[in-house]
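Visitor: Have a look; sequence and predicted model below, questions after that.
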Amino acid sequence: MAPTAATPSAVDANASDLLEQSVLGSRRLSNVLVASVVTTGGLGFLLTSASSFLGKDLLPIGHPAELALVPQGLVMGLYGLAAMLLSTYLWAVISIDVGVGSNRFDRKAGTATISRRGFRQLIEVAIPLRDIQSVKVDVRDGLSPRRRISLKVQGRRDMPLTRVGEPMPLADLELSGAQLARFLGVPLEGV
């Protein structure tokens with residue numbers, strides 16, 4: 001079973017003071033599919049531009065050699081170049097797995113440690129458990145839906161705990177938020 005957005009790992013009797021949740025990064029099937037489509041489209045545009053320049057069909061479909069170099073061939077080349085730059089960025093983000101990390105709550109040490117892999121560095125934030133006021137479940141549907149769990153921390157902005165991107169199922173979101181609030185001994189908001 002693959003880990004979900006923020007799933008509690010198995011906790012045994014000796015580790016009842018420790019809760020660790022893994023968070024998925026950008027290495028997901030949906031991102032790989034998008035990067036593949038952008039790469040394929042970019043190559044198609046570049047081959048179309050090269051076909052119009054060389055006067056020879058480099059693609060098995062259509063007749064791109066019949067396009068005029070100016071302006072159609074040049075515009076196709078610019079589209080292809082832009083798509084290839086975008087696909088390079090997307091494949092780099094996927095290979096680095098930006099956003100992967102963990103949420104670690106340690107009652108013995110009295111700290112919550114939120115760590116994520118950034119584009120160039122590891123980002124880690126330590127919060128004293130006494131500063132956590134509540135666990136907040138934020139559900140917003142509509143054109144840009146958002147379903148996330150965050151910590152309401154004294155003197156700081158809300159600290160998001162769930163992954164960015166695909167929204168979690170509502171039942172999983174509520175269950176994970178309730179388990180975390182129970183573990184931390186703080187109220188659960190937003191349900």
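Guide: Thanks, I have it. Numbering: from 1, shown residues only.
Visitor: Any buried residues in the lengthiest helix in the chain, and which?
Guide: In the chain, taking DSSP state H as the definition, the longest helix is helix 29-54. Using 16 or more other CB atoms under 10 Å as the test for burial, helix 29-54 gives 31, 35, 38-39, 41-42, 44-53. (Glycine included, C-beta is placed from N, CA and C.)
Visitor: same thing with stretch 94-103?
Guide: Neighbour-count burial for stretch 94-103 [16+ other CB under 10 Å]: 94, 96, 98-103.
Visitor: In strands only, show me the residues you listed.
Guide: 101-103 (DSSP state E).
Visitor: Quick check, pLDDT for Pro8.
Guide: Pro8 is assigned 46 on the pLDDT scale.
Visitor: try the one 5 residues further on
Guide: Ala13 is assigned a pLDDT of 40 by the prediction.
Visitor: so Trp91 makes contact with Val38?
Guide: No. At 9.3 Å, Trp91 does not count as touching Val38 under the criterion of CB atoms under 8 Å.
Visitor: which residue packs closest to Arg140, ignoring adjacent ones?
Guide: The shortest distance from Arg140 to any non-neighbouring residue, by CB to CB, 6 or more residues apart in numbering, is to Arg146 (4.5 Å).
Visitor: what are the phi and psi values for that neighbour?
Guide: phi -140, psi 130 (degrees, to the nearest 10).
Visitor: What of the one 10 residues further on?
Guide: The main-chain torsion angles of Arg156 are listed as degrees, to the nearest 10 and equal phi -130, psi 170.
Visitor: so who does it touch?
Guide: Residues near Arg156 by CB atoms under 8 Å, 6 or more residues apart in numbering: 127, 131.
Visitor: re the thing from before, can you tell me which of the buried residues of helix 29-54 is nearest Met159?
Guide: The nearest member of those to Met159, counting by CB to CB, is Asn31 at 24.1 Å.
Visitor: Verify the stated contact: that closest one with Ile94.
Guide: Yes. With contact defined as CB under 8 Å, Asn31 reaches Ile94; the gap is 5.5 Å.
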